[in-house]
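*Asks:* how would this look folded up:
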Amino acid sequence: MALSESVVKKVLLSYTYVAIWIFLSFSVIVYNKYILDRKLYNWPFPISLTMIHMSFCSFLAYLLVKVFKVVELPSTMTRDLYLKSVVPIGALYSLSLWFSNSTYIYLSVSFIQMLKALMPVAVYSIGVLFKKDSFKSDTMVNMLSISVGVAIAAYGEAKFDSFGVMLQLLAVAFEATRLVMIQILLNSRGISLNPITSLYYVAPCCLVFLCFPWVVMEYPLLRDTSSFHLDFVIFGTNSLCAFALNLAVFLLVGKTSALTMNVAGVVKDWLLIAFSWSVIKDTVTPINLFGYGLAFLGVAYYNHSKLQALKAAEAQKKVQQADEEAGRLLEEKEGEGTGKKTETQD
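*Replies:* Alright, predicted model coming up:
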């Protein structure tokens, strides 16, 4: 009975972590849309909003790491490693956030989520390009099915904006490159950053990179807009949601797995599409849904394949460990037998 209760408790906790992550991710997306959309809050400054997020996250990450010492920094992080690894990742992250936030000005929430289904395609393609993934014909067919589904969804989009689509595709490309670069520049060297330490290192770097386009593109407009004033309630709660989302990622991945987050992400996308259609009153056409449904099946199959590969790798690892343990025991027995033989001879 005690075992049954512990299993139930573990399952309930897992669902709780998933629900918290979906809620916060949902909230950040809708909140960003509300702030940046010209028909809603009408503050179309995505670089400035991203810089506010990064400033807030940098400050809280510093408090958690240096003051409250919630997590420890990796001892292997040197100045040289930071410049060669973290700085490029920070540059890619700044571009990804800048372009992804910019899309809320031009595209609906539902269509943005449909375009984000291309993320596995981008990650796999860039992984193959940098030789982190091996080319497999069946996987490429799966990637093509996702791409075709997204293309159909785009064809059926009622308020298609080519500039907004280009921004979202660039955001996907930069984010996918960032994920692959984390594997190449950090994970391959045995350095693993959780969301808090990642923000501690990357957020200030990201903030510096964003300053350059901000000075040229948004600062002159903000300076000339004399009626503008920063609403601390709106931007403070928005930034707090963005930071809480990073902690939720840490909680979800740490207590479950990255694959669970991918599956939860699909659920979140469908909820956002439904919310965008029913509450925000964005137009969602049958062709939209058919195309995204096709892409969704491709993403689901991709996640299933990754799960099977992960299980196979774990099983192989267990077999290898068992073989090593058996070999060690055999050596010990042989050693004992040799020792007894020597004693008998003496």
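
*Asks:* Is residue 42 in a helix, a strand, or coil?
*Replies:* Assigned by DSSP: H, G, I helix; E, B strand; the rest coil, the conformation of residue 42 is coil.

*Asks:* pLDDT wise, what is it at?
*Replies:* In this prediction, residue 42 carries a pLDDT score of 88.

*Asks:* Kindly list the longest helix within the protein.
*Replies:* When the chain is parsed with DSSP state H, its longest helix is helix 286-345.

*Asks:* Now do residue 306 against residue 139, distance only.
*Replies:* Distance of residue 306 to residue 139, computed by C-beta to C-beta, to the nearest Å: 10 Å. For every residue, glycine as well, the C-beta is placed using N, CA and C.

*Asks:* Who has more neighbours out of those two?
*Replies:* Taking other C-beta atoms under 10 Å, residue 306 and residue 139 do not tie; residue 139 has more neighbours (17 against 14).

*Asks:* hang on, the earlier thing: can you list the helices and strands that the longest helix of the chain packs against?
*Replies:* If you count contacts as 3 or more C-beta pairs under 8 Å, 6 or more residues apart in numbering; DSSP states H and E, helix 286-345 packs onto helix 109-115, helix 119-129, helix 137-155, helix 258-278.

*Asks:* got the angle for the second one vs helix 286-345?
*Replies:* With axes from the mean of the first three to the mean of the last three C-alpha atoms, to 10 degrees as the criterion, the two stretches helix 119-129 and helix 286-345 enclose an angle of 50 degrees.

*Asks:* buried ones in helix 119-129?
*Replies:* By neighbour count on 16 or more other C-beta atoms under 10 Å, the buried set for helix 119-129 is 119-128.

*Asks:* Report the distance from the lowest-mean-pLDDT helix or strand in the chain to the chain centre.
*Replies:* Within the chain, no helix or strand scores below helix 286-345, which has a mean of 80 by mean pLDDT, DSSP states H and E. On the basis of C-alpha atoms, centre = their mean, to the nearest Å, helix 286-345 sits 26 Å off its chain's mean C-alpha point.

*Asks:* what do you get for stretch 207-223?
*Replies:* 26 Å.

*Asks:* Touching that stretch from outside, list them.
*Replies:* Residues outside stretch 207-223 that contact it (C-beta atoms under 8 Å, 6 or more residues apart in numbering) are 45, 47-48, 50-51, 54-55, 58, 90-91, 94-95, 98, 228.

*Asks:* Show me what the mean pLDDT comes to for that stretch.
*Replies:* Average pLDDT, stretch 207-223: 94.

*Asks:* Can you show me the CA trace of it as CSV?
*Replies:* C-alpha atoms of stretch 207-223 as CSV (Å, rounded to 0.1, in the frame of the first residue of the first chain):
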residue,chain,number,x,y,z
LEU,A,207,21.6,42.3,-22.5
VAL,A,208,24.9,43.7,-23.8
PHE,A,209,24.2,42.4,-27.3
LEU,A,210,20.7,43.8,-27.4
CYS,A,211,22.0,47.3,-26.5
PHE,A,212,23.5,47.7,-30.0
PRO,A,213,20.2,47.3,-32.1
TRP,A,214,18.3,49.1,-29.3
VAL,A,215,20.4,52.3,-29.5
VAL,A,216,19.9,52.4,-33.3
MET,A,217,16.3,51.2,-33.7
GLU,A,218,14.2,51.8,-30.6
TYR,A,219,16.0,54.4,-28.4
PRO,A,220,15.3,57.3,-30.8
LEU,A,221,11.6,56.4,-30.9
LEU,A,222,11.3,56.1,-27.1
ARG,A,223,13.2,59.3,-26.6
